[in-house]
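[1] return a 3D structure for these sequence lines:
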Amino acid sequence: MLHFELDEKNRTLFLRPSGPLRVKDFDEMARTVDPFIEEQGGLDGLVVETESFPGWDSLAAMIRHLKFIKNHHQKIKKVALATDSQIAKSAETFGTHFIDAEIRQFPFGEGEAARKWIAGN
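    Numbering: from 1, shown residues only. Take a look at the predicted model:
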């Protein structure tokens, strides 16, 4: 399950997975985020905050996740990963080869530092 919050004022999307990611999670998030991106031209940042990567509940969910990234990565300036997950550490290194956003990893619990980085503070 994926909890998300769009901070329109700061043009930032916050994601907090609490269990395996589902197709429904990405569909719901897209219904909220896509109109904002269409109107504003993009997001300044995306913050993902989770102790560890929860995985997906199905192959379809993994495919939807990859499709969401493909369709949105050029419209997000910065991605902050506040997690201790090994996947996040790899994403910071390898992700820059596949997506346009600047990526930075923060330790889990450092969500506030991640937010400040997105805001440029």
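
[2] report all helices and strands that whatever helix or strand Glu112 lives in contacts.
    Assessed by DSSP states H and E, Glu112 sits inside helix 111-119. Using 3 or more C-beta pairs under 8 Å, 6 or more residues apart in numbering; DSSP states H and E, the elements in contact with helix 111-119 are strand 12-17, strand 43-49, strand 76-82, strand 102-106. Glycine gets a C-beta too; all of them are placed from N, C-alpha and C.

[3] state the distance from Leu43 to Ser85.
    Distance from Leu43 to Ser85, counting by C-beta to C-beta, to the nearest Å: 22 Å.

[4] cool, Gly41 as well?
    When Gly41 is compared with Ser85 (using C-beta to C-beta), they lie 30 Å apart.

[5] which of the two has more neighbours?
    Between Gly41 and Ser85, counting by other C-beta atoms under 10 Å, Ser85 is the more crowded of the two (17 against 9).

[6] flag every buried residue along stretch 104-119.
    For stretch 104-119, a neighbour-count test (16 or more other C-beta atoms under 10 Å) marks 104-106, 110-111, 114-115, 117-118 as buried.

[7] one step back: as CSV, could you dump the C-alpha coordinates of the helix holding Glu112?
    Taking C-alpha atoms only, helix 111-119 is exported to CSV below (Å, rounded to 0.1, in the frame of the first residue of the first chain):
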residue,chain,number,x,y,z
GLY,A,111,12.6,13.0,5.9
GLU,A,112,12.9,16.6,7.0
ALA,A,113,16.5,16.8,5.6
ALA,A,114,15.1,15.3,2.4
ARG,A,115,12.4,18.0,2.2
LYS,A,116,14.9,20.8,2.8
TRP,A,117,17.1,19.4,0.0
ILE,A,118,14.2,19.4,-2.4
ALA,A,119,13.4,23.0,-1.4
